[in-house]
Every structure is written in structure tokens, then in C-alpha cells.
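>>> A structural model of the following input is requested.
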Amino acid sequence: MSNDIKIRKGLDIKLKGEAEKLISDAPRSKNFAIKPTDFHGVTPKMVVKVGESVKAGDIIFYSKYNEQVKFVSPVSGTLKEVKRGAKRRILEVVVEADAADTYKDFGSKDIESMSGEEVKQHILDSGCWPFIKQRPYDIVANPDDAPKAIFISGLATAPLAADVEFALGKRKEEFQIGLNAISKLTTGKTHLSIDKRSASFFNEVKGVQMHKVSGPHPAGNVGVQIHHIDPINAGERVWVINPEDVAIIGSLFKTGKFDATRVVAVAGTEAPKAQYYRLKIGSNVKDVVGQLPANVRIISGDVLTGDKIANDAFVGYYSNTITLIPEGDNYRMFGWLPFKDNNIPSMSKTSLSWLFPNKKYAVNTNLNGEERALVVTGEMEKVLPMDVYPMQLLKECMVLNIEKMENLGIYEVAPEDFALVDYVSTSKLEAQAIIREALDVMIKEVG
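Numbers count the residues shown, from 1 in each chain. Just a heads-up that it's a prediction; the model follows:
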């Protein structure tokens, strides 16, 4: 059984540099890293000391505030370094990898004979729990909570984002096993949203409520899907998991190993070879894309929500895309003149790009403007397909008015839902950062 969801508001930003549908094995990195900064709100407590050996699946650190939530090594090797920042905050835990991986054996399991609590404990023990995030707040899920539903988005609509169906490839069996496992974590429904045009194995999976989605970005955002299927109210919890992470959980139950292999798309006009690569979580970016010029922006993730990283940095824990575009270090003379340039994809009629709806663009990181007053233009409402007033919510988030934030729908949104608001807003405010700060306040004040 499936339900159709048609998203009408939003914006598809068509960019050059799409990854070719070709998968190669990336060179094995010498060093891998797990970054606590990828897990918002988690304070790590180290288990392994520098110089000690670890197997793939061995615990490296756990959450200070919930010792059940463990973070494990993606490879076997030796703990090389713990990089710290201000106030000795741990930024990266670097493992020097062995030539080949030795895995900790968690034992293969028969899901049908397991209770929900047994499934949960197995996922916790193996270090797969950080794959499960919760809404509201967009943080690693609390295993003590009881979610009313679990959501998986099987389509990505962000610019140059990895094709989820292609990246999963032939992992149908692991994906189905993973679905069977996570479905035992809730007494509610497990929802899978896929592209309405999909002809992949997603159509054949069992044990889920299927939804076929169509429309422009952010139709692929799981938050938008939750809003249209089963909205979140105060006090409720919903868990979300990426499809490739469902397959990793399925592999755990099938083989007894924490296999951190995933397929990552390298995209963008500056990519030496725009295609898909098979690699381990935490791989070194340089080993995948090579040494790049200084004027190339490397983004772990897509261009709207990803993080800027250095050439010798490491792929983010949740990232399945590496995007490479030019730095915006050049400026257009008289760029404020209307109709001057049609090489910028824009919703505004002051750019001629609206006359070429199917044209693909080569973009850089220029903001094409500066921060200015927040004025009522109606731009934000056109790209946020939720029953939320984005400008009013942002204003209350800026002054941290908790009561009004609740009334305006703060529980339903995550920073990624405001990525297009960032893009189209003439005010050039950092809407995603404002939402993130407001959600952090809500966690402390409301819990």
C-alpha cells in the first residue's frame, strides 16, 4: 500500500557537475576519523587511549550524558591522535588503519525471534545507534524514548545530491533486514518515502508504509515528509534514519560485523572525476579527490546544507556527497543592476535565469549581496512546503521567545528545512544557524 505526496512549494536548483552513474572503490585511506562535531549535542568520553589497537566495531568513545550511545571505529588499526580545540573540546579521533580490516564479531541474529528491546540492545552494543536521529531537535535519538513512528527518505532532491537508489545498488537484502530490525523499535508505523517515478527495489520492500513523493526540493527532506504524513506535536518523538544506514544495520544483523562501507557521490564542476566511490565512513577526502587547488570549496554534503572542510579533512559521518565548487573570490561589477547576469539561478525576475528553467548552472560560493534588514517579501513562504510561517518563526528564534517558537512550529523543523530560505532570502541571514541555535535552547529549556 502506498500514498502519494505531491509537494508544490520549493525550488529545484539545477547545477552542472552531476556525478556520473559509475561506482569505483576509493583508495583506502591511511587515516580515518570520527568527528564528535558530527553528532550535535554529544559530549564524548574516550574509552581508548592513543597508541592502543582497535578492531572495526570497537568502542572509541561514548556519550557523556547517555553511556548507552556508543561510537565505534570504522576500521581496524591504532588510535593515532585525539585532536582538540578550545576548552579541550574533542574535534577528531584519528585511527591509523591496518592494511586490511579485522572486525569485532557481534554475532549474526535472527530478527524474527528477537524482541524490540533485544533489537535495540544489539544496535546499541554494535555502535550503530548514532545512525538513528530524532525529531524534534535533529539530534542522535535517545534510546529511552518511545517514538511514535520511524521515517526513512529514499529520495534526495538537493542540488547534486547522491542518488540514493543508485548508491544502495544491490543491497536489497541488507536494506530489508535493516527495515525488519528498526520496525521493532516502535509500536507505530515505519514510513518509507520514495520518488514517485522510482523503478528500483524500493518498490518491493515489505513491512513499511510506502509513500510516493513528487515535487521540487525540499520534497526529499524527511522533515517535509513527516509534516505531510504524521506531524510532530509537543512531547512527541519521531526517529529518522538514512537509507544507506538502514543497510549498514541490516548488514550487522546478517553478518555480525559493523561494516561502515557506504557509496559517496563526488560532484561539482571542480571535481576531477564526478562519479560515485565506495569507501569507509571517516575516509580522508584527499584520498578520494586528490590534491585540489586552494580556490576550490570542498563541501562534505550538498551545496545547501553541507560543511566546508579542508582538503586533508575527513568525510562526515552522515555524508553521502562530496561537492566541489569554485570559491566566490571574484565580484561582478555593477552586480546590483537588474538583468545584468543570467548565469545565477534565482527566483527573482531581476535575473534572466527564470527564462531558462531547464538550464544547468556553474556556481561559486559568492553570496551576491550582503546581510541586510529582514523585510516581508514572500520569498521564504514560496520554498517552505510546511504550514509554518518561516519569517515569523525566524524572528522569534532570533530573540529566543520560547512560547512563540512553540506556537509557530519549532518542533517540526530542522536546519536543513531552512536551506532554501537561506538561498532565496534577500536579507542574506543565516537561517539554518538561527534555527539550530533555537533548537539548542529548546532542548535545554523544554527537553
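>>> so where's the stretch 101-250 of the chain uncertain?
For the stretch 101-250 of the chain, applying pLDDT under 70 flags no range at all.
>>> the strands in it, which residues?
Counting by DSSP state E, counting those that start in this stretch, one finds strands in the stretch 101-250 of the chain at the ranges 133-135, 139-140, 149-153, 189-195, 209-214, 238-240.
>>> Okay, now the sheet partners of the shortest one, with direction.
When you say that, I think you mean strand 139-140. Strands that pair with strand 139-140, judged by DSSP bridges, come out as strand 133-135 (antiparallel).
>>> just how off-centre is stretch 377-387 within its chain?
With CA atoms, centre = their mean, to the nearest Å as the basis, stretch 377-387 stands 22 Å off its chain's centre.
>>> what does stretch 362-376 give?
For stretch 362-376 - counting by CA atoms, centre = their mean - the centre lies 24 Å from the chain centre.
>>> got the end-to-end distance for that stretch?
Using CA to CA, to the nearest Å, the end-to-end distance of stretch 362-376 comes out at 30 Å.
>>> Other residues contacting it?
Applying CB atoms under 8 Å, 6 or more residues apart in numbering, the external contacts of stretch 362-376 come out as 15-17, 269, 297, 303, 325-332, 335, 343-345, 391, 394-395, 426-429. (C-beta placed from N, C-alpha, C; glycine too.)
>>> among those residues, which ones are buried?
By neighbour count, with 16 or more other CB atoms under 10 Å, the contacts of stretch 362-376 hold 15, 17, 269, 297, 303, 325-326, 344-345, 391, 394-395, 427, 429 as buried.
>>> Can you add pLDDT and give those back as TSV?
Shown next, in TSV, are those (pLDDT from 0 to 100):
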residue	pLDDT
Leu15	95
Gly17	97
Thr269	97
Arg297	97
Val303	97
Ile325	97
Pro326	95
Ile344	76
Pro345	79
Met391	94
Leu394	96
Lys395	95
Ser427	88
Leu429	88
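>>> Arg436 - nearest residue in space that isn't next to it in sequence?
Nearest residue to Arg436, sequence neighbours excluded (CB to CB, 6 or more residues apart in numbering): Pro415, at 4.8 Å.
>>> still on that earlier bit, give me the subset of the buried ones among the contacts of stretch 362-376 lying in helices.
Among those, DSSP state H puts Met391, Leu394, Lys395 in helices.
>>> How many residues are close by the closest residue to Lys172 other than its chain neighbours?
Computed as CB to CB, 6+ apart, the closest residue to Lys172 that is not its neighbour in sequence is Phe201, at 4.3 Å. Using other CB atoms under 10 Å, Phe201 has 16 neighbouring residues.
>>> what's the answer for Lys87, then?
By other CB under 10 Å, 5 other residues sit near Lys87.
>>> and Asn401, how many residues sit next to it?
Using other CB under 10 Å, Asn401 has 14 neighbouring residues.
>>> list the contacts for it?
Contacts of Asn401 by CB under 8 Å, 6+ apart: none found.
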